[in-house]
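Asks: Take a look and give me a structure for this.
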Amino acid sequence: MGSSNNPFKEKPNSSLSKKLLSYLLYAFLPLILLLHFYFKPFYFPLPFSYNINPNFIPPSSNSQEVLRKTIVPEAATCDYSNGEWVPHNQEPLYNGTTCDTIKQGQNCMVFGRPDKDYLHWKWNPKNCILPRFNPRKFLDLVKNRHVAFVGDSLARNQLESLLCMVSVSSKPDLFYTGGEDNKFRKWHVSSHNVTFSIYWSPFLVKGVERTIEKDFNTLHLESVDERWAADLDHIDMLILSIGHWYLHPAVYYYGSSIIGCHFCANHTETGFYDVFGKALNTTFDSIIKRKGSNNNNHGNGIRVFLTTFSPAHFEGQWDKLGACPKTRPFKQGERVLDGVEEELRRIGMSEVEEANRRCGNSGNDLRFEALDISKLAVLRPDGHPGPYMNPFPFANGVPERVPNDCVHWCLPGPIDTWNEILLDVIKRWKR
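Replies: Have a look, this model is predicted:
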C-alpha cells in the first residue's frame, strides 16, 4: 500500500469491530502493566533475609519416581514443549536475597508472597531428560563470549534469571548502564571472561514507542533496530524475546509508505500477525547478512535463539484483587494456548525454520533455534508476582486498588526453566 492509499480513511463496514473482542485482553491489560513497570520501577532495600523452608513437602512424594519412569536415552534433539509440570522437592539455585540482579517487582519472596509451592515444580519433557541447571557448565560453554538478550521486559526477566543462576558459580559484575531506566546494561564474569548484556528493543525492528501525547507505536518494518544490531560484530550468542508490544495500537511503515495499522479507531484494521512475522524476517535477514560468511565482511557466525511468546494469565482487572490468583500449575490440557498466543508462537517457529533454510550454506557457525516455551509457560498461572509486584501489599488490609503483574515471572520461578532448556540445547549442539 503506497502512501497515497491512506489506511486511516474511514470505512463504515470496517472489520475492526469484528476483531476487537479477541484483542482486548492482551492489548490493554498487559500494556498498562508493562508501561507501569518500566517507567515506575520499585527500588526498595531488601527488608529481611529469606530462607526457603527445608522441610517443605511437595504436593506428591513420588515426584522422583515420576521422573525416573520417563528417563529415555539422550538424543541430539528434544521436543521440550511436550511434557508436564511435576512436583519436585529440590530448592531453587538462588533466592530473593542471594541474588542482587532481581528486579524488585519480580522478587516475590522478599516482597512477602506467602505461598512457596510455586518454587517446587519441575518441567518434565515426555521423551527426553531436562537436567537441573549447571552454572559452571553453562559458563564453560560460553567462555570468552558475549551473550546478549534483546527484546522487551520478558527478555530482561529471562536474563536476570540466568544471571542469578550463574552467580551460584561466579558472580556477574555490572560494568555498564545506559538509556532511560537503565534499559541497556552489561555484566562481566571474570572467571570465564563472559559478557552478558540486555538491549531494550520491544519490536526488534526500528520503532517509536507510544507516549501520552501519541497513543500508538510506530514501526518501520524494513529496518532493524540499530541500538542492538550495531553491536552484532561483538555478539556471539543472541537471545531474542518479543511479542506483547505487538498487541498494542500501532501504525506500520515500510520505507516511507504506511502499510497499515492496528487498533486505529474508525479506520482499516490490518492486525499484527503479518507484521510480527515481517519484523522477525527483517531481523533474521539482517543477522544473516552481517554475520554470515557470504558477505564482504566474512562474518564470524552467531547462535541465535528466539524465545517464543510467553502468555499472560489475567483472570480479571489488572488492578483488582484476584487478577492472577492461582497457586498451582494447570494440569496438561486444562489450559491451552489461545488463538493469539498460538499464532504468535507458530509465526516465531516458522520464521526460525525459514532463517535456518536461508543460512544453510553459510559455511560458519550461524544457527537459529526456537526456545519453544509457550506451551509450558501457559500451564504456570501460579508463577507471576501478582499483587507482590509491590512490597507487602496487604500489610494494612486489602486496598481498593491492588495492581497485579500477571505477565512477568517471579524470580526464582518458572522462567528459570527457560534457561535450563537453553543450556540443554547448547549441550546437545556440542555432541
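
Asks: quick one: low-confidence parts of the stretch 1-150 of the chain?
Replies: 1-76 (pLDDT under 70).

Asks: mind redoing it with 80?
Replies: Scanning the stretch 1-150 of the chain with the threshold set as pLDDT under 80 gives 1-77.

Asks: tally of neighbours for residue 256?
Replies: 9 (other CB atoms under 10 Å). Placement of C-beta: from N, CA and C, glycine included.

Asks: Kindly report the same for residue 349.
Replies: Using other CB under 10 Å: residue 349 sits among 16 other residues.

Asks: before we move on, what about the one 10 residues further on?
Replies: If you count neighbours by other CB under 10 Å, residue 359 ends up with 25.

Asks: Let me see the backbone angles for it.
Replies: phi -100, psi 20 (degrees, to the nearest 10).

Asks: mind checking pLDDT for it?
Replies: pLDDT for residue 359: 84.

Asks: cool, and residue 181?
Replies: Predicted confidence (pLDDT) for residue 181: 85.

Asks: cool, residue 265 as well?
Replies: pLDDT at residue 265 comes out at 75.

Asks: what about it, which SS state?
Replies: Secondary structure state of residue 265, per DSSP: H, G, I helix; E, B strand; the rest coil, is coil.

Asks: which residue is nearest the centroid of this structure?
Replies: Centroid-nearest residue in the chain: residue 154, 3.5 Å away (criterion: CA atoms, centre = their mean).

Asks: Surely that residue touches residue 408?
Replies: Yes: at 6.7 Å, residue 154 counts as touching residue 408 under the criterion of CB atoms under 8 Å.

Asks: Roughly how far does the residue nearest to the centre of the chain sit from residue 174?
Replies: 20 Å (CB to CB, to the nearest Å).

Asks: Point out where the stretch 251-400 of the chain drops to low pLDDT.
Replies: Looking at the stretch 251-400 of the chain by pLDDT under 80, you get 265-268, 293-300, 360-364.

Asks: rewinding a little: contacts only, for the residue nearest to the centre of the chain.
Replies: 241, 243-244, 307, 310, 407-408 (CB atoms under 8 Å, 6 or more residues apart in numbering).

Asks: Among those residues, which one is most surrounded by other residues?
Replies: Most neighbours among the contacts of residue 154, by other CB under 10 Å: residue 241, with 29 neighbours.

Asks: mind checking pLDDT for that residue?
Replies: Residue 241 carries a pLDDT value of 98.

Asks: What helix or strand is residue 350 located in?
Replies: helix 339-358 (DSSP states H and E).

Asks: C-alpha coordinates for that helix, PDB please?
Replies: Taking C-alpha atoms only, helix 339-358 is exported to PDB below (Å, rounded to 0.1, in the frame of the first residue of the first chain):
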ATOM      1  CA  GLY A 339      -5.700 -18.000  19.300                       C
ATOM      2  CA  VAL A 340      -3.300 -15.100  19.700                       C
ATOM      3  CA  GLU A 341      -0.800 -17.000  21.800                       C
ATOM      4  CA  GLU A 342      -0.700 -20.000  19.500                       C
ATOM      5  CA  GLU A 343      -0.400 -17.900  16.300                       C
ATOM      6  CA  LEU A 344       2.500 -15.800  17.700                       C
ATOM      7  CA  ARG A 345       4.200 -19.000  18.700                       C
ATOM      8  CA  ARG A 346       3.600 -20.500  15.300                       C
ATOM      9  CA  ILE A 347       4.900 -17.500  13.400                       C
ATOM     10  CA  GLY A 348       8.000 -17.400  15.500                       C
ATOM     11  CA  MET A 349       8.700 -21.100  15.000                       C
ATOM     12  CA  SER A 350       8.100 -20.700  11.200                       C
ATOM     13  CA  GLU A 351      10.400 -17.700  10.900                       C
ATOM     14  CA  VAL A 352      13.200 -19.600  12.700                       C
ATOM     15  CA  GLU A 353      12.900 -22.500  10.400                       C
ATOM     16  CA  GLU A 354      13.000 -20.200   7.300                       C
ATOM     17  CA  ALA A 355      16.000 -18.400   8.700                       C
ATOM     18  CA  ASN A 356      17.900 -21.700   9.000                       C
ATOM     19  CA  ARG A 357      17.000 -22.600   5.500                       C
ATOM     20  CA  ARG A 358      18.300 -19.300   4.200                       C
END
